[in-house]
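Engineer: Return a 3D structure for these sequence lines:
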Amino acid sequence: MKLLVAYLATPGGEDAVAFGACLARTFGASLDIAVVIPPDPPETITSAAGFAEALDEAARQWVAGAADLVPGDVVAETHVVVDEHVAHGLITEIERVGATMLVVGASGGGITGRHSLGSVVNDLLHSSPVPVALAPRGFSHTGAERIREITTAIGSRPGAEILLDTALALSARGDLPLRLLSLVSRDDITGRTTDDEAVARAVDLANTSLETAHKRLSDQTPIASTLAQGRNVEEAVSSVEWHDGDMIMVGSSRLAAPGRLFLGATAAKMMSVLAVPLLVVPGPDRE
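Structural biologist: Numbers count the residues shown, from 1 in each chain. Next up, the predicted model:
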C-alpha cells in the first residue's frame with residue numbers, strides 16, 4: 001500500500017507528513033512525498049535561467065526538509081513533480097507511483113474547526129481518483145501516532161456502498177475498531193417526513209450496515225453503531241464523542257464524476273466543526 005503525501009514547506013505540509021506517517025504505521029504502508037513546482041519559464045523571459053536554478057535548488061531543499069520530518073520507522077521516498085497546475089501534477093503522480101491514497105494538510109487560517117481548504121486542496125477534493133486524507137491543522141504537534149478507530153458516516157445515496165466497502169477494508173487491514181455513524185439533521189428532513197420517520201430510516205440503515213460489517217470483519221473486531229441527531233449536520237456531528245486517533249470517513253457527493261471524488265455539502269459542514277482527520281472516498285465507477 002502506497003500513500004502519496006502532498007508537501008509544501010508550510011505548517012500544513014508538516015501536518016500532511018505527520019498524518020501520512022500515522023496512516024503508514026497503521027496500515028503497513030510506505031510514503032511517497034511529492035513537491036510540485038512549475039516548469040521552467042521560456043528562455044525569452046529575462047533571468048529565466050537564474051529563476052530555474054533558484055527554483056530547482058528550492059525544490060531540493062523542500063524535499064530534503066520533508067524527508068527530515070519522516071519518523072525512522074516509516075519508509076518514504078521524495079519526488080519533485082514538474083507541472084503548471086499543482087492538483088494536476090499530484091493526480092498524475094498518484095497514477096505514476098500507484099498510490100492508493102492522497103494525504104494533504106489543511107491550509108490554516110480557518111475561522112471555525114481545524115479544517116480549512118486552500119485552492120489546491122479544494123481542487124483535489126473535487127477531482128482525485130483515490131481517497132483523500134485531510135490532516136487537521138496542528139496535527140504535526142498534537143496528532144496520534146496511529147489511528148485508534150475508524151468512524152464511517154453511512155448514508156443511502158449512490159456511493160454509500162463503496163464508502164462502506166472501503167471502511168471495512170481499512171478496518172481489516174489496520175485491525176481497527178469500526179464505528180458506523182448515522183446523522184439525522186432536522187434541517188434536511190423534507191416536509192413529507194416526520195422526525196420519527198427520519199430516525200427510523202437511519203436506524204434501519206445502521207442495522208443493515210452493522211449486519212454487513214459483522215459478516216465481513218473478524219469476530220474479534222469491535223463494531224459499533226451510533227445515531228446522532230441535531231438541528232443541523234454541524235450540531236449532530238458535534239454531539240458525537242471523539243478521541244485522539246479517531247478518523248472519520250465520508251463519501252463523495254452524487255455530483256461526483258465516475259470514479260472521482262467530489263466533496264459534498266454534508267461533508268463540508270462536518271469539516272467546519274471537526275478536529276479529527278477526514279478521509280473522503282471517491283464515487284463509484286459507472287458505465
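
Engineer: in this structure, what spans have low per-residue confidence?
Structural biologist: Along the chain, segments meeting pLDDT under 70 span 41-49, 107-118, 156-159, 187-195, 253-263, 284-287.

Engineer: how about a cut-off of 90?
Structural biologist: 8-10, 37-60, 106-128, 137, 153-164, 182-220, 225-238, 251-275, 282-287 (pLDDT under 90).

Engineer: Which residue ranges make up the domains of it?
Structural biologist: Using automatic domain parsing, the domain parsing of the chain gives 2-142, 149-281.

Engineer: possible to save those as a markdown table with mean neighbour count?
Structural biologist: Any C-beta I mention is one placed from the backbone N, CA and C, and that applies to glycine too. Output for the domains of the chain, formatted as a markdown table (neighbours: other CB atoms under 10 Å):
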| stretch | mean neighbour count |
| --- | --- |
| domain 2-142 | 18 |
| domain 149-281 | 17 |
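
Engineer: Pull up the distance across stretch 64-84, start to finish.
Structural biologist: Using CA to CA, to the nearest Å, one end of stretch 64-84 lies 22 Å from the other.

Engineer: Assign the residue most central in space within the chain to helix, strand or coil.
Structural biologist: Taking CA atoms, centre = their mean, the centroid of the chain lies closest to residue 133, which sits 2.0 Å from it. Using DSSP: H, G, I helix; E, B strand; the rest coil, the structure places residue 133 in strand.

Engineer: Quick check: beta-bridge partners of it?
Structural biologist: When assigned by DSSP bridges, residue 133 has beta-bridge partners residue 103, residue 279.

Engineer: tell me the contacts of it?
Structural biologist: Counting by CB atoms under 8 Å, 6 or more residues apart in numbering, residue 133 touches 3, 19-20, 23, 101-104, 247, 277-279.

Engineer: cool, and residue 152?
Structural biologist: 163-164, 167, 178-181, 248-249.

Engineer: ok, now residue 183?
Structural biologist: Contacts for residue 183 (CB under 8 Å, 6+ apart) come out as 153, 202, 228-230, 233, 236-237, 266.

Engineer: Doesn't it belong to a helix?
Structural biologist: No - counting by three-state DSSP, residue 183 falls outside a helix, being strand.

Engineer: so what's it bridging to?
Structural biologist: Note on residue 183: beta-bridge partners by DSSP bridges are residue 228.

Engineer: gap between it and residue 279?
Structural biologist: 16 Å (CB to CB, to the nearest Å).

Engineer: now swap in residue 95 and tell me
Structural biologist: Applying CB to CB to residue 95 and residue 279 gives a distance of 20 Å.

Engineer: Strands of the stretch 51-200 of the chain, residue ranges please.
Structural biologist: 76-82, 101-105, 132-135, 149-153, 178-185 (DSSP state E, counting those that start in this stretch).
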